[in-house]
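# have a look at this fold, sequence not included:
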């Protein structure tokens, strides 16, 4: 790789340690925790140009740039974050943490439980979107950020942005919710449960103590990812990309046929099982399932959002059936009923839920335009 | 159970043996085969009132009535088949076979391979929709039926009806294709492959020789069924049926929560793994994936259907996303371009692909009306 001009270039993860006990929503207490995070751009003197990027189910802190000159791939949202990109690092200071319970350096199943001296594994306590927000707020304190210009995320990341707006209304100017929902539907939960069952059923799972036995539930993780992946794409998009193209075998005689789409999913699944921890996958899907801020307000989403004080930008994608445009509309409607400042749009795309990760021109125009306007606003405010 | 007046009552499966070698599309030869089947109603003297019912992926020959007075459930399409029902057994003679390769009595992975004296298991040859049609034609010969009034099926069953129309155009008066498609999409194949991988990954699968070891890939079959089941329902239908209702646990604290939808899927999956054979499941999903009659006609569906001589009735369901109304429309359009007699309709329903099994009033009106008209036509023809 050569760091292109509009790349943030080589970046190094940092580590934040919260030294005090942290009480989780589940009632358990962590004796402190660590968050690994990256930052891109410079925090201005007024600390008024900070953007928090919240990652989705299988994301992590490495959102942009490269760790090393030999890296083949940049961070997961590199297309969106960098000088001159929609989240312009020549203007903004971007903070991107790995969530609590994650498997890329933050306290989670792979880190050591101080009370036992061995990895938490399956005993890492249940974490919720609220817990993530609370832990990210400690990180913000540490960085001297009292208020984010924007908190932005897709999918589960959008849920964090929404929860920030509800729980800490004075600490953000804008929440940008992309391909998200106010809570999962029964179908969403069902797909998550299938993924979990795939992991739990794997004979190498060993009640979550696979690492200590030198094992890994590769097949279960692979299946979980295959299920996820298919649901993140659209029927049309898959048709365009793969159709019924044959990778190998003799379809006329039904012998050892492998369609391209199968080969692709196997590859995606295998590669995922090498880079993601099964206990974290379970924990993250539970957090997704349990997210339901309106449940604290008699299931009334309007009342739930009445206490928010930020602006909202809500973006959805036409072919996303896992977090459909309808689900974004529910949020927008509730925000309007709650008399909040919200702009929204549905981007035409045949790329399903995955669209939120892709540099679709109109999507990036909308997002870049919004961040542009935000910059003018914080400039005026100074 | 008490056999209601409009039930076909107690029925007994019959067995047909084809005594001669049967060459499959894959090139392998079965030294004869057996089909288990049921019949309902009486064949008239002219043998002109026969209806063939083709089952879908996990169906079998037991389409209507009860095997025993103690049965809790009737056959899988009992709502549709019986005296006074859409497929009226007081008029029609209904034939319902278990497909070749099935696991409910027809020659398949569970039956004995005469060349080895042990069950075929994973060595049962690949069968295709064409093979099913050819084998069903031998059953028809045996029953003295040279021409069916109608051949009807949902999903994979509809593919068989279409293949009959293509391969044996003089042997049916009408083909009724319900919630079907001219071939699977990449997304369809992907879901089938996930189900297969769930089975193949199960440590109890033993390369398909599980029975001989007294094992069964229960978890893999359960997962396969869960994937299937979710994709046979619609998001809205699941929302209406389950919503986010909690079966057990404490969601506020994220402890051991089970949503109703999870509990339901577990139950469905477990019950399926007790009644269905894994090798048959693999074989049936491959047949589904490989079905593509237009591939013999330069991918031109119009040309594919030009040689058909029957009438067509094509029915789809508005919320079916596994075999969407669009897929039925492709068939209807091609039939119209080929100057065939086709009627079609899309039934409003929030019950997804599963709708084809359910007694939805408008659906049954359409189907019953069509069979009513058919009866008049065969009566005139006599």
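Happy to help now that I have it. Bear in mind that the values here come from a model prediction, so they are computed numbers and not experimental data.
# need phi/psi at the spatially most central residue of chain A.
By C-alpha atoms, centre = their mean, chain A has its centre lying nearest to residue A:56, at 1.4 Å. Here is the backbone geometry of residue A:56 (degrees, to the nearest 10): phi -90, psi -170.
# correct me if wrong: it contacts residue A:153.
Yes - the pair residue A:56 / residue A:153 is scored as a contact, 7.0 Å apart, by C-beta atoms under 8 Å. All C-beta atoms are positioned from the backbone trio N, CA, C, and that covers glycine.
# residue A:154 and residue A:178 touch, don't they?
Yes - taking contacts as C-beta under 8 Å, residue A:154 lies within contact range of residue A:178: 4.1 Å.
# for chain B, give me its nearest residue in the stretch 1-150 of chain A.
When scored by C-beta to the nearest C-beta, the stretch 1-150 of chain A has residue A:126 as its residue closest to chain B, at 3.7 Å.
# and that residue, that one's in a helix?
No - counting by DSSP: H, G, I helix; E, B strand; the rest coil, residue A:126 is not found in a helix; it is coil.
# give me the nearest residue to it, chain neighbours excluded.
residue B:254 (3.7 Å; C-beta to C-beta, 6 or more residues apart in numbering or on different chains).
# report the contact partners of that neighbour.
When contacts are counted by C-beta atoms under 8 Å, 6 or more residues apart in numbering or on different chains, residue B:254 touches A:25, A:26, A:126, A:127, A:128, A:286, A:287, A:290.
# the third one and residue B:243, how far apart?
Translated: residue A:126. For residue A:126, the distance to residue B:243 equals 22 Å [C-beta to C-beta, to the nearest Å].
# so residue A:216 sits right up against residue A:273, yeah?
Yes - Residue A:216 is in contact with residue A:273 according to C-beta under 8 Å; the separation is 7.1 Å.
# which of the two has more neighbours?
Each of residue A:216 and residue A:273 has its neighbours counted (other C-beta atoms under 10 Å in any protein chain shown); residue A:273 has more, 23 against 18.
# that one against residue A:226, yeah?
No - the pair residue A:273 / residue A:226 is not scored as a contact, 10.2 Å apart, by C-beta under 8 Å.
# give me the pLDDT value at residue A:377.
At residue A:377, the model reports a pLDDT of 86.
# quick one, what contacts residue A:357?
Residues near residue A:357 by C-beta under 8 Å, 6+ apart: A:76, A:77, A:79, A:154.
# what touches both of residue A:154 and residue A:178?
Counting by C-beta under 8 Å, 6+ apart, the common neighbours of residue A:154 and residue A:178 are residue A:356.
# most distant residue from the middle of chain A?
residue A:253 (43.8 Å).
# how about the residue nearest to it when sequence neighbours are not counted, what does it touch?
Nearest residue to residue A:253, sequence neighbours excluded (C-beta to C-beta, 6+ apart): residue B:26, at 4.7 Å. Residues in contact with residue B:26, defined by C-beta under 8 Å, 6+ apart, are A:253, A:254, A:255, B:125, B:126, B:127, B:128.
# residue A:221 and residue A:371: what is the separation?
35 Å.
# same deal with residue A:166?
Distance from residue A:166 to residue A:371, by C-beta to C-beta: 22 Å.
# look at these two and report which has more neighbours.
Using other C-beta under 10 Å as the criterion, residue A:166 and residue A:371 rank with residue A:371 on top: 23 against 20.
# let me know the secondary structure of that one.
Residue A:371 - assigned by three-state DSSP - is helix.
# doesn't residue A:89 make contact with it?
No - using C-beta under 8 Å, residue A:371 makes no contact with residue A:89, being 10.8 Å away.
# buried set for stretch A:31-40?
By neighbour count on 16 or more other C-beta atoms under 10 Å in any protein chain shown, the buried set for stretch A:31-40 is A:33, A:34, A:35, A:36, A:37, A:38, A:39, A:40.
# from the chain's centroid, how far away is it?
Computed by C-alpha atoms, centre = their mean, to the nearest Å, the separation of stretch A:31-40 from the middle of its chain amounts to 16 Å.
# now do the phi/psi pair for residue A:22.
phi -130, psi 110.
# just checking, it touches residue A:28?
No - with contacts counted by C-beta under 8 Å, residue A:22 stays clear of residue A:28, the gap being 9.6 Å.
# in the lowest-mean-pLDDT helix or strand in chain A, what counts as buried?
When each helix and strand of chain A is scored by mean pLDDT, DSSP states H and E, strand A:255-259 comes last, with a mean of 84. Judged by neighbour count (16+ other C-beta under 10 Å), strand A:255-259 contains these buried residues: A:257, A:259.
# now do the buried residues in the next helix or strand after that strand.
Sequence order places helix A:260-275 as the next helix or strand after strand A:255-259, per DSSP states H and E. Across helix A:260-275, burial judged by 16+ other C-beta under 10 Å covers A:260, A:261, A:262, A:263, A:264, A:265, A:266, A:268, A:269, A:272, A:273.
# pull the contacting residues for the second one.
For residue A:261, the contacting residues are A:238, A:241, A:242, A:245, B:186, B:189, B:190, B:193, by C-beta under 8 Å, 6+ apart.
# repeat for the first one
Under the criterion of C-beta under 8 Å, 6+ apart, the contact list for residue A:260 reads A:242, A:243, A:245, A:246, A:247, B:186.
# pull out the buried members of these.
Using 16+ other C-beta under 10 Å as the burial test, the contacts of residue A:260 include A:242, B:186 as buried.
# let me see the ranges of the strands in chain A.
A:14-18, A:22-23, A:29-30, A:33-40, A:50-54, A:81-82, A:87-88, A:93-97, A:148-154, A:172-178, A:246-250, A:255-259, A:311-317, A:342-347 (DSSP state E).
# what pLDDT, on average, does the second one get?
Going back to what we said before, that points to strand A:22-23. 98.
# partners of that strand in the sheet?
strand A:29-30 (antiparallel) (DSSP bridges).
# average model confidence for the partner strand?
96.
# next, count neighbours for the closest residue to residue A:48 other than its chain neighbours.
Leaving aside its chain neighbours, residue A:48 sits nearest to residue A:378 (5.1 Å; criterion: C-beta to C-beta, 6+ apart). By other C-beta under 10 Å, the residues close to residue A:378 number 20.
# from chain B, how far off is residue A:378?
36 Å (C-beta to the nearest C-beta, to the nearest Å).
# excluding chain neighbours, give the residue nearest to residue A:370 in space.
That would be residue A:313: by C-beta to C-beta, 6+ apart, it lies 5.1 Å from residue A:370.
# so what sits opposite that neighbour in the bridge?
residue A:176, residue A:343.
# I figured it hits residue A:177, correct?
Yes - Residue A:313 sits in contact with residue A:177 when judged by C-beta under 8 Å, with a separation of 7.3 Å.
# looking at these two, which one has more neighbours?
Counted by other C-beta under 10 Å, residue A:313 and residue A:177 do not tie: residue A:177 has more neighbours, with 31 against 25.
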